[in-house]
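# Pasting the sequence and the predicted coordinates here, then a few questions.
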Amino acid sequence: MSEEDKSKDAFFVQLAGIAEAMIGKHGKDFAMGTLVLTARFIAEGKPLTKPAAGDS
């Protein structure tokens with residue numbers, strides 16, 4: 001497995017953990033909606049986080 005593949009696999013494992021945590025706390029609909037919305041923001045080039053107060 002290449003270093004890039006290992007890196008991608010590690011990110012997928014992290015994402016799976018986050019998804020499982022969201023499902024555990026808020027259910028499947030919330031988790032799926034959040035992931036779809038995140039994908040949409042990525043596709044549209046929108047920021048994924050809000051800047052901290054005072055950041056410009």
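Received it, and whenever you're ready, just let me know what you need.
# From Q14, how far off is K8?
Using CB to CB, to the nearest Å, K8 is found at 11 Å from Q14. The C-beta positions use only the backbone N, C-alpha and C, and glycine is treated the same way.
# swap in G24?
16 Å.
# Check K50 too.
21 Å.
# Show me which of the two is the more surrounded one.
Q14 (10 against 7; other CB atoms under 10 Å).
# Please report how far the more buried one lies from A21.
From Q14 to A21 the distance is 11 Å (CB to CB).
# Excluding chain neighbours, what is closest to I23?
A31 (4.7 Å; CB to CB, 6 or more residues apart in numbering).
# helix, strand or coil for that neighbour?
helix (DSSP: H, G, I helix; E, B strand; the rest coil).
# List the contacts of it.
19, 22-23 (CB atoms under 8 Å, 6 or more residues apart in numbering).
# And the buried ones among those, selectable in ChimeraX?
The ChimeraX selection below is limited to those of those classed as buried (16 or more other CB atoms under 10 Å):
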select :22
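# Any chance of TSV for the contacts of A31, columns distance to T38, secondary structure and pLDDT?
Shown next, in TSV, are these (distance: CB to CB, whole Å; DSSP: H, G, I helix; E, B strand; the rest coil; pLDDT from 0 to 100):
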residue	distance to T38	secondary structure	pLDDT
A19	11	helix	98
M22	11	helix	98
I23	15	helix	98
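# How many residues are close by the closest residue in space to K46 that isn't next to it in sequence?
Take K46 and drop its neighbours on the chain: the residue closest to it by CB to CB, 6+ apart is R40, 8.0 Å away. Neighbour count for R40, taken as other CB under 10 Å: 10.
# got the phi/psi numbers for R40?
phi -60, psi -40 (degrees, to the nearest 10).
# what's the closest non-adjacent residue to P47?
F41 (7.5 Å).
# mind checking how far that neighbour is from K50?
12 Å.
# And K6, by the same measure?
If you go by CB to CB, the gap between K6 and K50 works out to 32 Å.
# How about A21?
Distance from A21 to K50, by CB to CB: 21 Å.
# Over to G17?
23 Å.
# K28 too?
Distance from K28 to K50, by CB to CB: 26 Å.
# D5 too?
With CB to CB as the criterion, D5 and K50 are 33 Å apart.
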